[in-house]
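Q: coords below, sequence missing:
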């Protein structure tokens, strides 16, 4: 696939680790962002500008539709005028990562497995929920109106 480029005036360009100013040539990018949470959705961003976004529930008519937003992705690809085969000129972003550039080796997956660990506050809350005595005390305080 040939990548089209556009000039970027006064852009900072890094050459050999050194910052140089001037006009750079940046590739035109189309990024298809996918959210697979309880309200799954897809969005198309072209060159940093949001072009289209749609939630899966708008197409399936099921409130809070979760899972992989297949219909939303198909709608965006059709509306963008691209080939219906996925990957024709799109980068895929899922969970904050560009999947076309991330590594799927076992070592990389294991290294990133603990990166989403809860904060200290989250760990204390989780420990309190697991402790039956603390959990009962919290529930009593809630129902007592405190």
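A: Ah, there it is. Bear in mind the structure is a predicted one, so any value in this text is a computation, not a measurement. Numbering: from 1, shown residues only.

Q: give me the mean pLDDT for the host helix or strand of residue 137.
A: With secondary structure defined by DSSP states H and E, residue 137 is part of helix 132-143. Average pLDDT, helix 132-143: 75.

Q: check stretch 53-67 too.
A: 88.

Q: now the end-to-end length of that stretch.
A: 16 Å (CA to CA, to the nearest Å).

Q: outside of that stretch, which residues touch it?
A: Residues from elsewhere that reach stretch 53-67, judged by CB atoms under 8 Å, 6 or more residues apart in numbering: 36-44, 69-72, 75-76. All C-beta atoms are positioned from the backbone trio N, CA, C, and that covers glycine.

Q: and with 10 Å instead?
A: 33, 35-45, 68-76, 79 (CB atoms under 10 Å, 6 or more residues apart in numbering).

Q: show the buried residues in the residues you listed.
A: 33, 35, 40-45, 69, 71-73, 75-76 (16 or more other CB atoms under 10 Å).

Q: take those and keep only those in strands.
A: Among these, DSSP state E puts 33, 35, 41, 42, 43, 44, 45 in strands.

Q: burial measure for residue 128, as a count.
A: When counting by other CB atoms under 10 Å, one arrives at 13 neighbours for residue 128.

Q: wait, a helix at it?
A: Yes - counting by DSSP: H, G, I helix; E, B strand; the rest coil, residue 128 falls inside a helix.

Q: do you know how far the closest residue in space to it that isn't next to it in sequence is from residue 141?
A: Leaving out its chain neighbours, the residue that sits closest to residue 128 by CB to CB, 6 or more residues apart in numbering is residue 134, at 4.6 Å. According to CB to CB, to the nearest Å, residue 134 stands 11 Å off from residue 141.
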